[in-house]
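Trainee: Give the three-dimensional model of this entry:
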Amino acid sequence: MNSVKVSCLFVLLFTSVLVNAQKVLIDKVVARVGTETVLLSDVEGQYNYFLEQGNVPDDNLKCQILESIIGQKIIVHQAKLDSIEVSDAEIDAQLDFRVNAVLRQMGGDESFFQEYYGMTVPEMRENLREDLRSQILAERMQQTLIADINITPDEVQEFYNSIPQDSLPYLNAEVEFAEIVSKPLPNATSIQDAIDKVLDIRSQIEAGTSTFEEMASKFSDDPGSAANGGDLGFAERGTFVPAFEEAAFNLEQDEISDPVETEFGIHIIKLIERRGTKIRLKHVLLRPEVYSSDIDKCRNTLDSIRNEISNGNLSFADAVKDYSIDDMPSYHNNGRVQNPATGKTFFETSQLPTDVYFAIEDMDVDGVSEVLSYDNQNGETFFRIIQLQSKSKPHKANLDQDYSKIQELAKESKKMQYFQGWLNEKITETYIEVDPILEECDNVLNLR
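Mentor: So this is what the prediction gives:
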């Protein structure tokens with residue numbers, strides 16, 4: 001009996017369903033798994049999606065896809081038998097998030113959405129609903145099964161010993177680093193100047209000497225919406241920062257707000273339309289000017305913090321909590337920075353930002369850098385100090401230097417083995433019927 005490939009079970013549901021939505025298929029049931037069914041369109045939709053990603057046509061790939069789908073159906077079937085539940089409210093929230101994300105990319109244009117996908121937004125939601133429910137059920141069933149699996153030091157040692165010495169990976173030099181981040185803030189005079197300017201803009205709009213769209217295109221510091229006359233499209237609650245959202249949802253249609261201050265700057269907001277729980281907005285954003293004196297103040301403050309840390313008067317972790325920007329991801333990890341490529345805190349030296357690489361190149365572990373400046377993707381300037389928290393030279397993986405990595409691999413291997421064993425057992429207990437047109441899929445036929 002072939003084992004269902006667990007790693008293939010969870011194909012990108014939303015993407016593949018959206019691909020399916022654009023195709024007309026002559027559909028039929030090609031497999032029955034307990035109380036669940038597998039449609040030809042399920043297989044063809046995922047196969048077409050793989051082809052669109054640049055993969056070479058391969059009939060064997062269809063068999064592998066079918067095997068993966070059957071594996072997921074077994075999990076869903078068992079989840080229902082075990083009374084694992086997914087509430088309608090949870091499904092609705094997920095649907096809102098996924099569909100609204102696509103709509104935002106389309107500027108909130110539902111007619112364009114319908115033209116592109118061949119169905120309205122409500123129709124798309126219903127099209128996705130049961131597939132999404134099955135996906136969440138399968139994920140929840142798997143999480144329930146492996147949630148309590150732990151691994152002992154002996155099992156880590158055994159896992160490591162099971163790897164042939166000539167198969168142990170050679171690891172590049174890696175580092176871990178933490179940061180304290182600060183942003184130069186405009187002074188009170190600069191903020192008031194921005195408020196006065198948006199009030200003047202609003203006055204001109206209300207006097208009829210200029211339209212909201214013209215003023216947004218000419219003056220707004222939000223490049224994404226300025227090009228569209230300040231249009232933010234349709235959005236629901238939870239999309240915007242609290243101060244902006246509170247003002248926006250309290251507006252009447254065509255009303256323009258008083259100046260609203262957020263971390264992005266000073267806004268005036270116009271409500272264009274309400275549609276159910278969604279509103280369509282336009283805004284003008286002015287960023288108060290940050291002067292050289294504001295920049296110097298930020299840099300000097302951070303340099304003083306660095307001196308306190310270096311002199312042993314303040315721990316780096318405490319300084320993060322007291323002084324770093326709290327909406328930075330690193331803030332909630334004691335300043336430790338996560339590698340976006342891996343989701344871990346280890347960086348190969350080639351993955352480091354250039355300024356960080358040169359700052360820590362000759363630094364000892366626990367050393368703290370001088371104040372560094374960098375610009376984010378919006379062109380805003382930030383300052384930070386860096387602490388080097390670990391450093392390794394290129395080496396073959398070993399327990400002394402890489403215990404946490406090997407432990408994680410061992411634990412994942414144990415989870416996978418346990419889940420695969422559970423799945424193989426359920427295959428023997430579950431009624432599986434496969435359509436004769438799939439006779440070439442020996443891997444699937446052997447599951448019956």
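Trainee: Can you name every helix or strand that the strand or helix carrying residue 141 contacts?
Mentor: For residue 141, the host element (DSSP states H and E) is helix 121-146. Under the contact definition 3 or more C-beta pairs under 8 Å, 6 or more residues apart in numbering; DSSP states H and E, helix 121-146 sits against helix 13-21, helix 59-81, helix 88-105, helix 110-117, helix 399-429. C-beta coordinates here come from the backbone N, C-alpha and C atoms, glycine included.
Trainee: Out of the ones you listed, which gets nearest to residue 382?
Mentor: Of all the helices and strands packed on helix 121-146, it is helix 88-105 that lies closest to residue 382, at 26.1 Å by C-beta to C-beta.
Trainee: can you pull the buried residues of that closest one?
Mentor: Using 16 or more other C-beta atoms under 10 Å as the test for burial, helix 88-105 gives 91, 94-95, 98-100, 103.
Trainee: ok, so of these, who is nearest residue 186?
Mentor: residue 100 (32.4 Å).
Trainee: Quick check: that closest one touching residue 233?
Mentor: No: the pair residue 100 / residue 233 is not scored as a contact, 9.6 Å apart, by C-beta atoms under 8 Å.
Trainee: and of the buried residues of helix 88-105, the nearest to residue 248?
Mentor: residue 100 (15.7 Å).
Trainee: hmm, back to that, give the rounded mean pLDDT of the helix holding residue 141.
Mentor: The pLDDT scores in helix 121-146 average 90.
Trainee: Equivalent analysis for stretch 85-101, please.
Mentor: Averaged across stretch 85-101, pLDDT comes to 87.
Trainee: What lies in contact with that stretch?
Mentor: 14, 121, 124-125, 128-129, 132-133, 136-137, 140, 235-236, 239 (C-beta atoms under 8 Å, 6 or more residues apart in numbering).
Trainee: Could you pull out the buried residues of stretch 112-120?
Mentor: Going by neighbour count (16+ other C-beta under 10 Å), the buried part of stretch 112-120 is 113, 117.
Trainee: okay, it in CSV with CA atoms only?
Mentor: Output of stretch 112-120 as CSV, limited to C-alpha atoms (Å, rounded to 0.1, in the frame of the first residue of the first chain):
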residue,chain,number,x,y,z
PHE,A,112,-13.9,44.2,-12.4
PHE,A,113,-13.8,41.3,-9.9
GLN,A,114,-16.9,39.8,-11.6
GLU,A,115,-15.5,40.3,-15.0
TYR,A,116,-12.1,38.8,-14.0
TYR,A,117,-13.5,35.7,-12.2
GLY,A,118,-16.8,35.2,-13.9
MET,A,119,-18.8,35.5,-10.7
THR,A,120,-19.9,38.1,-8.2
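Trainee: Buried residues, the helix holding residue 141. List them.
Mentor: So helix 121-146, judged by 16+ other C-beta under 10 Å, has buried residues 121, 124-125, 127-128, 132-142, 145-146.
Trainee: got it, and stretch 417-427?
Mentor: 419, 422-423, 426-427.
Trainee: got it, and stretch 44-57?
Mentor: 44-50.
Trainee: again with stretch 316-324
Mentor: Within stretch 316-324, the residues scored as buried using 16+ other C-beta under 10 Å are 316, 319-320, 323-324.
Trainee: just stretch 263-272 next, same as before
Mentor: In stretch 263-272, counting by 16+ other C-beta under 10 Å, buried: 264-272.
Trainee: Hmm, which of these is lowest in pLDDT?
Mentor: Taken together, the buried residues of stretch 263-272 show their lowest pLDDT at residue 264, with 90.
Trainee: you'd agree residue 389 is in a strand?
Mentor: Yes: under DSSP: H, G, I helix; E, B strand; the rest coil, residue 389 sits within a strand.
Trainee: any idea how far residue 34 is from it?
Mentor: In this view, residue 389 and residue 34 are 50 Å apart by C-beta to C-beta, to the nearest Å.
Trainee: Residue 209 belongs to a helix?
Mentor: No: if the criterion is three-state DSSP, then residue 209 is coil and not within a helix.
Trainee: For the helices and strands packed on helix 121-146, which has the smallest mean pLDDT value?
Mentor: helix 13-21 (a mean of 44).
Trainee: returning to what we had before: reformat the buried residues of stretch 263-272 as a markdown table; add distance to residue 331 and secondary structure.
Mentor: Formatted as a markdown table, these follow (distance: C-beta to C-beta, whole Å; DSSP: H, G, I helix; E, B strand; the rest coil):
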| residue | distance to residue 331 | secondary structure |
| --- | --- | --- |
| 264 | 19 | coil |
| 265 | 22 | strand |
| 266 | 25 | strand |
| 267 | 25 | strand |
| 268 | 31 | strand |
| 269 | 29 | strand |
| 270 | 34 | strand |
| 271 | 34 | strand |
| 272 | 36 | strand |
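Trainee: residue ranges with poor pLDDT in this structure?
Mentor: For the chain, applying pLDDT under 70 flags the ranges 1-26, 438-439, 442-448.
Trainee: tell me the domain ranges of it?
Mentor: 6-150+414-445, 170-185+291-396, 188-286 (automatic domain parsing).
Trainee: a markdown table for the ones you listed, including distance to residue 404?
Mentor: Output for the domains of the chain, formatted as a markdown table (distance: least, C-beta to C-beta, whole Å):
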| stretch | distance to residue 404 |
| --- | --- |
| domain 6-150+414-445 | 15 |
| domain 170-185+291-396 | 9 |
| domain 188-286 | 35 |
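Trainee: All the helices of the stretch 301-448 of the chain, in order from the start?
Mentor: For the stretch 301-448 of the chain, the helices defined by DSSP state H, counting those that start in this stretch occupy 316-323, 354-360, 399-429, 442-445.
Trainee: Any idea which of these gets closest to residue 218?
Mentor: When these are compared by C-beta to C-beta, helix 354-360 sits nearest residue 218, at 35.2 Å.
Trainee: Buried residues in that closest one, which are they?
Mentor: Of all the residues in helix 354-360, those buried under the rule 16+ other C-beta under 10 Å are 356, 359-360.
Trainee: Can you add distance to residue 247 and give these back as TSV?
Mentor: Output for these, formatted as TSV (distance: C-beta to C-beta, whole Å):
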residue	distance to residue 247
356	38
359	41
360	43
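Trainee: and which of those residues is nearest to residue 75?
Mentor: Sorting these by distance to residue 75 puts residue 356 at the head of the list, at 42.5 Å, by C-beta to C-beta.
Trainee: Okay, that closest one and residue 229: tell me how far apart.
Mentor: Separation of residue 356 from residue 229 (C-beta to C-beta) stands at 40 Å.
Trainee: which other residues reach stretch 410-422?
Mentor: 3, 6, 142, 145-146, 149-151, 155-156, 159-160.
Trainee: In helices only, show me those.
Mentor: Using DSSP state H, 142, 145-146, 155-156, 159-160 are the members of the contacts of stretch 410-422 that sit in helices.
Trainee: Turn those into TSV, columns for distance to residue 74.
Mentor: Shown next, in TSV, are these (distance: C-beta to C-beta, whole Å):
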residue	distance to residue 74
142	11
145	13
146	16
155	28
156	31
159	28
160	33
